[in-house]
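# pasting the structure only:
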Ligand code: FES
C-alpha cells in the first residue's frame with residue numbers, strides 16, 4: 001500500500017529538486033566548456049586566415065617622399081614606390097610596385113603626380129628636361145609636362161599618362177603620400193589593375 005505520509009512526500013520533492021539542480025549544473029558545465037573551447041578555436045582560425053585577410057586589403061595611400069624632395073622648379077622627378085607585400089603566409093618588406101613622377105610649379109605647394117608607366121605597353125617613360133616632355137623610349141609616345149599626349153592621332157599610347165591622387169593632409173605636414181595604382185595598358189580607358 002502506498003505511503004502517502006507528509007514525510008515521504010517531502011522526501012520525494014527533495015530528490016526531484018536535487019535532480020534538477022544536478023541537471024542544471026551539468027548543463028552549465030557543458031555550455032561553459034563549449035564557450036571556453038570555442039574561444040581558442042576561433043582565435044586560431046583568425047591567426048591562420050590573417051595573411052589572406054591582409055592580402056585582400058587594398059594598398060591605399062603609400063608614403064613616397066617629402067615635399068622638400070620636389071623643388072618647385074617645374075621639373076618632373078622620378079620616385080620609386082615601394083610597399084610591404086604579403087604573399088600567403090610570407091611578408092616581404094619594401095617591394096617595388098611601380099614609380100611616379102612628381103612635379104610642382106614655381107612658388108606652388110601643389111603637386112602633380114603621374115604614374116611613370118606608359119599606357120601603350122607598360123614601359124617606363126622618361127622626363128626630357130630641355131623639352132619639358134615625357135617621352136617613352138619604347139615606341140615614341142610623347143606627353144606634355146601635364147601628361148597629355150602631344151599628338152593623340154599619331155601617339156601609340158591610347159590615353160594620356162595616368163594621374164594619381166595625393167593625400168592633402170600629409171602634404172600639409174610636408175609628406176607626399178600617393179594613392180598608388182597601376183592601370184591596364186593598351187586601352188583608352190583608365191582601368192585599375194587588380
Ligand atoms: S610602351 Fe610606350 S610607346 Fe609603347
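Yep, that arrived. Since the structure is predicted, the reported quantities are computational estimates derived from the model, not experimental observations. Numbering: from 1, shown residues only.

# switch to C-alpha atoms for all contacts and neighbour counts from now on
Will do.

# residue contacts, the nearest residue to residue 124 once chain neighbours are set aside?
Of all residues not flanking residue 124 in the chain, residue 117 sits nearest, at 4.5 Å (CA to CA, 6 or more residues apart in numbering). Going by CA atoms under 8 Å, 6 or more residues apart in numbering, residue 117 touches 98-99, 123-125, 161.

# out of those residues, which touch the ligand?
Residues of the contacts of residue 117 in contact with the ligand (CA under 6 Å from any ligand atom): residue 123.

# can you say which of the contacts of residue 117 are buried?
By neighbour count, with 16 or more other CA atoms under 10 Å, the contacts of residue 117 hold 98-99, 124-125, 161 as buried.

# looking at those residues, which is nearest residue 173?
residue 99 (22.1 Å; CA to CA).

# OK, contacts around the closest one?
By CA under 8 Å, 6+ apart, residue 99 lies in contact with 78-81, 115-117.

# what's the average pLDDT for the longest strand seen in the chain?
For the chain, the strand reaching the highest residue count under DSSP state E is reported as strand 90-103. For strand 90-103, the mean pLDDT works out to 95.

# before we move on, what about stretch 165-181?
According to the model, stretch 165-181 has a mean pLDDT of 97.

# end-to-end on it?
9 Å (CA to CA, to the nearest Å).

# only the buried subset of the contacts of residue 99, as a PyMOL command please.
Burial among the contacts of residue 99 is assessed by 16+ other CA under 10 Å; the matching PyMOL selection reads:
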select buried, resi 78+79+81+115+116+117
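
# okay, the contacts of residue 99 in a markdown table with pLDDT next?
Listed next are the contacts of residue 99 as a markdown table, based on pLDDT from 0 to 100:
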| residue | pLDDT |
| --- | --- |
| 78 | 98 |
| 79 | 98 |
| 80 | 98 |
| 81 | 97 |
| 115 | 98 |
| 116 | 98 |
| 117 | 98 |
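
# between the contacts of residue 99, which is closest to the ligand?
residue 117 (7.8 Å; CA to the nearest ligand atom).

# and that closest one, backbone torsions?
Dihedral pair for residue 117: phi -90, psi 130, per degrees, to the nearest 10.

# just the one 3 residues further on next, same as before
The phi/psi pair for residue 120 (degrees, to the nearest 10) reads phi -70, psi -60.

# before we move on, what about the one 4 residues further on?
Backbone torsions of residue 124, given as degrees, to the nearest 10, read phi -80, psi 130.

# so how far is residue 153 from it?
Residue 124 sits 21 Å away from residue 153, going by CA to CA.

# ok, residue 82 next?
Distance, residue 82 to residue 153, using CA to CA: 35 Å.

# who has more neighbours, these two?
Comparing residue 82 with residue 153 by other CA atoms under 10 Å, the one with more neighbours is residue 82, at 17 against 9.

# returning to that earlier point: include secondary structure and distance to the ligand when you put the contacts of residue 99 into CSV, please.
Output for the contacts of residue 99, formatted as CSV (DSSP: H, G, I helix; E, B strand; the rest coil; distance: CA to the nearest ligand atom, whole Å):
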residue, secondary structure, distance to the ligand
78, strand, 16
79, strand, 18
80, strand, 18
81, strand, 20
115, strand, 13
116, coil, 10
117, strand, 8
